[in-house]
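Q: When you get a sec, could you give me coordinates for this:
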Amino acid sequence: MSANDIVLIQENASSDFVQRVLTSIAAGKALVINGSNLPEFRALAISDIASLQATLDAKIASTEKGIANGIATLGSDGKVPTAQLPGSIAGAVSYQGSWNANTNTPTMATASGSNKGFYFVVSVAGATNINGITDWKIGDWIISNGTTWEKVDNTDSVTSVAGKIGDVTLTSADVGLGNLVNALQLLASNLDIDGTLTANSDTKIPSQKAVKTYADTKAPIIHDHNANYEPKNSNIQTHIADTVIHVTSGDKNVWNAKLGWVTTPATNSSSGVAGQIAYDNDYIYICVATNTWKRFPLLLW
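A: Okay, here's the model as predicted:
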């Protein structure tokens, strides 16, 4: 026989080796060497091919793609489809770049679930109508909620107060009150200007005119040498001396007790007789009724 001759091994009258080979191939079997190092025809097992099991173990089964507890896939854009993302991620914002609100560049797509959370920052102000919104300023955001586009208005926020930023503390000068001292500011409603000084209030402060009007009404009765007594409505200090000269010694004691300068009262309920007056460096004190004092401040002119 030559090197290229084919030898058929006859097993019996009805079957030879070639026939068995063709029949096995058609049946999906292969000729393998079994554990006894003998050839046989049978279906291939994974173990018949070296390292095949390890190679298969390193692969991802197609049945595990895009399903629960499986493997996420990529869409045609190279990104994981929204349907395969958890809700917490799908609800997050995603910066898409700047947007020209004057020319609508890039053209804003219809809001949908696929662009939920997408936002653009306005780089050029404009009036492009997006879902009824036309007031777009530089720095504003246009963001999709999955159904419509909304605006995050960043241009109406306060950037500074009186030229200050951060944790701002204002002074009177910052708001145009540089010539005023907070501790001395007084509301007009706190002034007592009617001259009666009858309110007995710790919140009312009498004006100078009110104090003078009140004091004049408390001037002593003046004796006119004709046994007639009448009120002398003029400055009380000017006429005290003239008054006490024309009264009895008993009346002097009473009037001195009422009209003389006395020790400054400690409180507005200190002991006193109506008409008594006291002063210190800051106030003049007047007793308007028994044990009832009022005071008004002394101011420089």
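
Q: And Leu300, how far from Asp282?
A: Applying Cβ to Cβ, to the nearest Å, the value for Leu300 to Asp282 is 11 Å. Where C-beta positions appear, they are placed from N, C-alpha and C, glycine not excepted.

Q: and those two? which has more neighbours close in?
A: Asp282 (10 against 3; other Cβ atoms under 10 Å).

Q: Point out where the stretch 151-300 of the chain drops to low pLDDT.
A: Applying pLDDT under 70 to the stretch 151-300 of the chain flags the ranges 157, 177-188, 195-196, 198-199, 219-260.

Q: One more: the stretch 1-150 of the chain?
A: Residues of the stretch 1-150 of the chain meeting the criterion pLDDT under 70: 1-32, 34-35, 87-91.

Q: can you give me phi and psi for the closest residue to Lys218 other than its chain neighbours?
A: Using Cβ to Cβ, 6 or more residues apart in numbering and skipping the chain neighbours, the partner closest in space to Lys218 is Gly275 (5.3 Å). For Gly275, the backbone dihedrals are phi 100, psi -20 (criterion: degrees, to the nearest 10).

Q: now swap in Asp57 and tell me
A: Note on Asp57: backbone dihedrals following degrees, to the nearest 10 are phi -60, psi -30.

Q: What number of residues are in the vicinity of it?
A: For Asp57, using other Cβ under 10 Å, the count is 7.

Q: what's the spacing between the residue nearest to Lys218 and Thr128?
A: With distances taken as Cβ to Cβ, Gly275 is found 82 Å from Thr128.

Q: Also Pro206?
A: Pro206 is 66 Å from Thr128, by Cβ to Cβ.

Q: the more surrounded of these two?
A: Pro206 (24 against 18).

Q: I'd guessed the more buried one sits against Asn200; true?
A: No - with contact defined as Cβ atoms under 8 Å, Pro206 does not reach Asn200; the gap is 11.8 Å.

Q: so what sits against both of these two?
A: Lys294 (Cβ atoms under 8 Å, 6 or more residues apart in numbering).

Q: what about the nearest residue to Asp280 once chain neighbours are set aside, how many residues close to it?
A: Ranked by Cβ to Cβ, 6+ apart and with sequence neighbours excluded, the top spatial neighbour of Asp280 is Thr264, at 4.9 Å. The local packing of Thr264 (other Cβ under 10 Å) involves 16 other residues.
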